[in-house]
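Trainee: my questions concern the predicted model and sequence given below.
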Amino acid sequence: MTGWIAVAGLGPGDEGMVTAEVREALSQATDVIGYIPYVARVAPRNGLTLHPTDNRVELDRAAHAIALCRQGARVVIVSSGDPGVFAMASALFEGVEVDAGPIPDIRILPGITAMLAAAAHAGAPLGHDFCAINLSDNLKPWDLVEKRLRLAAQADFAMAFYNPRSKSRPHQFERTLQVLREECGPDRLITFARAVTTPEERITTVSLGEATPEMADMRTVVLVGNSATRRIGKWVYTPRRAD
Ligand code: SAH
């Protein structure tokens, strides 16, 4: 039996947003590896071993997948959203580099990332140039987060923020809002999209002047418009043109 490793994105939550390609890979898998809540989304069946693990053990997961693959297993590493967006695809390649053995048969299967599902449900806030920033300082210094944030705002990008606020770093999102107000002024629109495509979905758009840190948590992706982003009825959109 020839082993392979697929790194698959399960989308933001709704089963209808899992691609046919990902479903096919899961149906062929012998092993599924990933963070506990993501592995919980995979239905158990005969011949499939589930390997749920806790947060922050990405390199261990990669090493485990490589070892299983070498024994002939068909391994799917699951991520939420898209596996290439602040998720397991890069972690697997980091693991392959550390391993230094022959490169296994790898496929990366895209998924719908949180910012795109959130943008669709809000309207089209990312309809012009935009960027995505991970606000966690787990893997990079906070100074770099703040620098990128400030420069992106100065460049008038619309922005999507992942991992905006956790209990272990409550002040950083407050600082994020402060930097945004300095660079964009109080009237810029900001959308808090929580648990998008799940039954608990909540999407709230306010001005930066009205935004408070408590509006975000770790299940929220935050979208900030550019200087032309506006409301129309219940929708928020960014026009395709910039002057
Ligand atoms: N690979 C994932 C992102 C992982 S980082 C993706 O492509 O979506 C985890 C962060 O993603 C969370 O802190 C949150 O900011 C965002 N996120 C993931 N799923 C979400 C959802 N259903 N609704 C809102 N934000 C979500």
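Mentor: In hand now; what should we look at? Residues are numbered from 1 along each chain as shown.

Trainee: so residue 187 touches residue 206, yeah?
Mentor: No. Residue 187 is not in contact with residue 206 according to C-beta atoms under 8 Å; the separation is 10.6 Å. All C-beta spots, glycine's among them, are computed from the backbone N, C-alpha and C.

Trainee: pLDDT (mean, whole number) over stretch 105-113?
Mentor: Averaging pLDDT along stretch 105-113 yields 98.

Trainee: touching the ligand at all, that stretch?
Mentor: Yes. Stretch 105-113 is in contact with the ligand by C-beta under 6 Å from any ligand atom, via residue 113.

Trainee: can you pull the buried residues of that stretch?
Mentor: 106, 108-113 (16 or more other C-beta atoms under 10 Å).

Trainee: show me what whichever residue of the chain sits closest to the ligand is bridged to.
Mentor: Residue of the chain nearest the ligand, by C-beta to the nearest ligand atom: residue 81 (2.0 Å). Taking DSSP bridges as the rule, residue 81 bridges to residue 11.

Trainee: what about the helices in this protein?
Mentor: 20-28, 36-39, 58-70, 88-99, 114-122, 142-154, 170-184 (DSSP state H).

Trainee: could you dump the ones you listed to TSV with mean neighbour count?
Mentor: Shown next, in TSV, are the helices of the chain (neighbours: other C-beta atoms under 10 Å):
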stretch	mean neighbour count
helix 20-28	15
helix 36-39	16
helix 58-70	19
helix 88-99	18
helix 114-122	22
helix 142-154	15
helix 170-184	17
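
Trainee: burial measure for residue 85, as a count.
Mentor: 21 (other C-beta atoms under 10 Å).

Trainee: which residues sit against stretch 222-238?
Mentor: Stretch 222-238 has contacts (C-beta atoms under 8 Å, 6 or more residues apart in numbering) with 115, 118-119, 122-130, 153, 156-161, 164, 180, 184, 188-193, 205, 208, 216, 239, 241-242.

Trainee: what of stretch 144-156?
Mentor: Against stretch 144-156 from outside (C-beta under 8 Å, 6+ apart): 131, 133-135, 137, 159, 172, 175-176, 179-180, 183-184, 224, 226-227, 242.

Trainee: residue ranges with poor pLDDT in the protein?
Mentor: 1 (pLDDT under 70).

Trainee: which residues of it lie near the ligand?
Mentor: So the chain meets the ligand at 12-13, 79-82, 85-87, 113-114, 118, 162-164, 193-198, 218-221 (C-beta under 6 Å from any ligand atom).

Trainee: redo that, cut-off 8 Å
Mentor: 9, 12-13, 79-87, 111-115, 117-118, 134, 136, 161-164, 193-198, 201, 218-222 (C-beta under 8 Å from any ligand atom).
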